[in-house]
Structures are given as C-alpha cells and as structure tokens.
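[1] predicted coordinates and the sequence they were generated for:
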Amino acid sequence: MPLTLIVTEGVIPKDREADTMSRLSEAFLKLHGLSGNEAMTPNVIGHLQVVAKGSSYSGLKPATVAIVEWKVPSFAFTDRDIQTSYIAQATEIIHEASDRKHPKERIWVNVTHAVDGAWGIAGRAYTNAELGEAVSHA
C-alpha cells in the first residue's frame, strides 16, 4: 500500500520526516484494524517527495503544500468513518510535524484505488479476494 507524502521544502523538518511517514502509515493500519498484521505491515510502503520552494502551487500561485496520497486495494478506505478519521488524523500529523506552522488549509489527502487483480507484491498479481485472504490469516 504505497504512501506518497509530497511536501514543499521546509514544511517538515528533516529530522521529523521518518516519524511523520511512520505515523501516517500506522494511522492507516490502525483505522483498518490491521496494526501489527504480519501480511499487511511489510507491504505498507512509501516515500517522501520534497519539492523546492517555488515549485508547488495552491490557488494558482506558488505556495507551500503538503499532500498525502495513498494507492490501495479497492476494499481500503471504503467506510466513511475511516475516511473522515484518517483525513483528520493525517492533517493533524502533518500540522504537528511542521511545528503547527504549516496551515491546515494547505494539507490535502487523497486515495486512489488499484484495479482489482493488479496489485503486485513480489512479482505476483493479487486480486482483492487474495489480498483479503492473506491479511486475514496473518
């Protein structure tokens, strides 16, 4: 489940980047009832993309931004309570990581669902049912 965090340079101090990624990932696992799941946890992956100041935009003008993006199987983030809880938690995690300096109005969260059967792990294409089975037995 790839997480991409895109931030403008300076939004999150370098020494908080790893903790921020970890907290965003753990919030995802916890809300889905998967904290510590042996099949899911190693497949929650991610990267941080820091863009130079002046290279990110909001309202058609250069601005600092923070964007949390997930690519997940279609069974993730389907419950409205999970959606609203995760977005609130992720926004707060980013806001805290910025020493509360980055405005919440410039923190965005979005989720993209992968096509069923096109979820690849270790060279194998999994369907949603196969992923669900693996997770439920871990």
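    Here it is on my side, so go on.
[2] show me the contact partners of the longest helix along the chain.
    Of all the segments assigned as helix in the chain under DSSP state H, the longest by residue count is helix 80-97. For helix 80-97, the external contacting residues (Cβ atoms under 8 Å, 6 or more residues apart in numbering) are 7, 11-13, 16, 19-20, 23-24, 27-28, 31-32, 66, 68, 77, 102, 104, 107, 109, 111. Backbone N, C-alpha and C define where each C-beta goes, glycine included.
[3] swap the cut-off to 7 Å and go again
    Residues from elsewhere that reach helix 80-97 (Cβ atoms under 7 Å, 6 or more residues apart in numbering): 12, 16, 20, 23-24, 27-28, 31-32, 66, 68, 77, 102, 104, 107, 109.
[4] farthest pair within these?
    His32 and His102 (26.3 Å; Cβ to Cβ).
[5] any chance you could map the strands in this structure?
    For the chain, the strands defined by DSSP state E cover 2-8, 45-51, 57-58, 61-62, 66-72, 107-113, 119-121, 124-126.
[6] and those strands, which one is worst for confidence?
    Of all those, strand 119-121 carries the lowest average pLDDT, namely a mean of 89.
[7] direction included, what does that strand pair against?
    Strand 119-121 has its sheet partners listed here by DSSP bridges as strand 124-126 (antiparallel).
[8] report the buried residues of stretch 43-61.
    If you call a residue buried by 16 or more other Cβ atoms under 10 Å, then stretch 43-61 has these buried ones: Asn43, Val44, Gly46, Val50, Ser56.
[9] output that stretch as CSV, nothing but the C-alphas.
    Only the C-alpha atoms of stretch 43-61 are listed here, as CSV (Å, rounded to 0.1, in the frame of the first residue of the first chain):
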residue,chain,number,x,y,z
ASN,A,43,3.6,-4.0,2.4
VAL,A,44,2.7,-0.6,3.7
ILE,A,45,5.5,1.2,1.8
GLY,A,46,6.1,4.8,1.0
HIS,A,47,8.3,7.7,0.0
LEU,A,48,8.6,11.3,0.8
GLN,A,49,9.0,13.8,-2.1
VAL,A,50,10.3,17.1,-1.1
VAL,A,51,9.8,19.8,-3.8
ALA,A,52,11.8,23.0,-3.9
LYS,A,53,10.2,26.2,-2.7
GLY,A,54,8.5,27.9,-5.6
SER,A,55,7.8,24.6,-7.2
SER,A,56,4.4,23.9,-5.5
TYR,A,57,1.2,25.7,-6.0
SER,A,58,-2.1,26.5,-4.4
GLY,A,59,-4.7,28.9,-5.7
LEU,A,60,-2.7,29.3,-8.9
LYS,A,61,0.3,30.8,-7.0
